[in-house]
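Peer 1: model the following, please.
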Amino acid sequence: RPPPNPPPPLPHRMQTVNQAASPAPLAIGTPTVKRRLLAMVYEAFLLIAVEALAVFIYIFVTGNRQDPAYRAGLMIFLFLVTGAYFVHAWSGSGFTLAMKTWRIKVVQVGRARVPLKNATIRYLLAWGWFAPALALGALLDFHRAAQWAAVLLAGLAAWGATALLDRDRQFLHDRIAGTRLIALPKAGKKK
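Peer 2: Numbers count the residues shown, from 1 in each chain. Below is the predicted model of the structure:
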């Protein structure tokens with residue numbers, strides 16, 4: 001009896017995940033850039049609530065002091081709180097509430113969960129969305145909201161374009177961190 005023909009290879013943007021309840025692997029693709037950007041907008045609204053609570057706690061603990069050192073301390077505190085929020089979500093379930101809503105998950109191929117180290121690297125590298133634009137705005141001493149909006153939009157577009165240049169449509173921070181985003185199927189539907 002001749003050996004069975006192997007299945008055709010999956011497109012480079014598809015990945016297989018074994019499901020415990022299903023004997024056949026399930027093909028899971030990369031979410032579109034549009035879907036990821038919409039999830040990021042939703043994430044921004046959720047993050048406002050997390051950071052508002054963090055600001056309240058910081059003001060309560062510091063007695064609302066306004067010295068430059070306390071203002072810098074607040075920025076550092078918000079950076080750490082935001083990092084804890086994302087790193088905890090990505091290394092735990094693989095998604096934040098916004099990502100779950102949009103059925104997007106962060107994974108590392110070959111692992112059940114994203115390791116804490118990789119989630120931390122992903123968080124730090126994801127600042128590529130904003131850090132270059134913030135540095136440029138500070139360097140050029142921007143004061144008007146329109147100037148900041150223009151440089152931030154240009155930075156967001158440039159970082160977002162990294163997914164269009166990647167063969168698997170992954171953002172640069174995912175490629176470097178060894179993680180990837182996958183699109184989860186709708187509940188109750190099988191592909």
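
Peer 1: show me the contacts for the most centrally placed residue in the chain.
Peer 2: The chain has residue 126 as the residue nearest its centroid, 6.8 Å off, counting by Cα atoms, centre = their mean. Contacts for residue 126 (Cβ atoms under 8 Å, 6 or more residues apart in numbering) come out as 86, 171, 173. Every residue, glycine included, has its C-beta placed from N, CA and C.

Peer 1: contacting residues for the second one?
Peer 2: If a contact means Cβ under 8 Å, 6+ apart, then residue 171 has 36, 126, 159-160, 162-163, 181 as its contacts.

Peer 1: of those residues, closest to residue 74?
Peer 2: Comparing the contacts of residue 171 against residue 74 with Cβ to Cβ places residue 126 closest, at 20.8 Å.

Peer 1: quick revisit: and the host helix or strand of the residue nearest to the centre of the chain, which residues are buried?
Peer 2: For residue 126, the host element (DSSP states H and E) is helix 116-126. Going by neighbour count (16 or more other Cβ atoms under 10 Å), the buried part of helix 116-126 is 118-126.

Peer 1: in JSON lines: those residues, plus distance to residue 187.
Peer 2: Output for these, formatted as JSON lines (distance: Cβ to Cβ, whole Å):
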{"residue": "118", "distance to residue 187": "27"}
{"residue": "119", "distance to residue 187": "25"}
{"residue": "120", "distance to residue 187": "30"}
{"residue": "121", "distance to residue 187": "31"}
{"residue": "122", "distance to residue 187": "26"}
{"residue": "123", "distance to residue 187": "28"}
{"residue": "124", "distance to residue 187": "33"}
{"residue": "125", "distance to residue 187": "31"}
{"residue": "126", "distance to residue 187": "27"}
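
Peer 1: residue 77: which of these is nearest?
Peer 2: Residue 77 lies nearest to residue 123 out of those, by Cβ to Cβ, at 15.4 Å.

Peer 1: dump the residue contacts of that closest one.
Peer 2: Counting by Cβ under 8 Å, 6+ apart, residue 123 touches 82-83, 86-87, 90.

Peer 1: mind redoing it with 10 Å?
Peer 2: By Cβ atoms under 10 Å, 6 or more residues apart in numbering, the contact set of residue 123 is 79, 82-87, 90-91, 173, 177.
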